[in-house]
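Chemist: Sequence isn't available, so here's the structure alone:
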C-alpha cells in the first residue's frame, strides 16, 4: 500500500515536472520567440545534467559496469517508471533503452501533438547529455519520435579526444 502511494506520488511529481517544462517553453516562446526559447530551455536542462554527472566522474573513461550500476541506482522510481533495459554493457560502452517515460506520458495525456512531445522529449533528454558528458563520457541520446516505442535510448562510450595537427 505504501509502495503504491509512493509510486503514485512520484508519477504525479514527474507529470508536474513535464508540464512545467511545457509551460516554460510556452512562456519563453511568447517572450523571446520559439527559435530562442528552445535553445535556452535546452541549455538550462543540460546544466542540470552537468550537476548530476559529477557523481559519475570516477567511472570515466571506461568503467561501464560501474557506471551502469551507479546510474541505474538513481533512476527515479527504480525500474517501474522509466523501465530501463540494459541492451549492452561491455568494454566498448553502455546502451540503455527506456521503455517508459512519465514525462512523455504526461505530455501525451495533456493532449499535446506528437511533434511537440518529440520536441519536449529532445529538450528533456539533454539532462542525460549533460550528465554523461560532465562525467567524462561520450553519449548519443536517441529521444522518442512519433511511431517509436519506449522513450530515450542512451548510447554511452569512452570520450575520444581529437588533437589538432598544430597548424
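Modeler: Thanks, I have it. Predicted, not measured: the structure shown is a model, and the values here were computed from it.

Chemist: residue contacts, residue 97?
Modeler: Listed by CB atoms under 8 Å, 6 or more residues apart in numbering, the contact set of residue 97 reads 84, 85, 87, 150, 152, 153, 154. Backbone N, C-alpha and C define where each C-beta goes, glycine included.

Chemist: Run a quick neighbour tally on the nearest residue to residue 57 once chain neighbours are set aside.
Modeler: Of all residues not flanking residue 57 in the chain, residue 135 sits nearest, at 5.2 Å (CB to CB, 6 or more residues apart in numbering). Using other CB atoms under 10 Å, residue 135 has 25 other residues around it.

Chemist: Now do residue 135 against residue 20, distance only.
Modeler: Remark: distance between residue 135 and residue 20 (CB to CB, to the nearest Å) = 25 Å.

Chemist: try residue 103
Modeler: 10 Å.

Chemist: quick one: buried residues of the worst-scoring helix or strand of the chain on mean pLDDT?
Modeler: When the helices and strands of the chain are scored by mean pLDDT, DSSP states H and E, helix 2-32 comes last with a mean of 95. For helix 2-32, burial by neighbour count (16 or more other CB atoms under 10 Å) applies to 10, 11, 14, 15, 18, 19, 21, 22, 24, 25, 28, 29.

Chemist: Pull the most distant pair out of these.
Modeler: The span of those, defined through CB to CB, is set by 10 and 29 at 28.7 Å.

Chemist: Dead centre of the chain: give me the residue that sits there.
Modeler: The centre of the chain sits closest to residue 125, judged by CA atoms, centre = their mean, with a distance of 3.4 Å.

Chemist: Identify the residues contacting residue 5.
Modeler: Residues counted as contacts of residue 5 (CB under 8 Å, 6+ apart): none.

Chemist: try residue 114
Modeler: With contacts defined as CB under 8 Å, 6+ apart, the neighbours of residue 114 are 108, 146.
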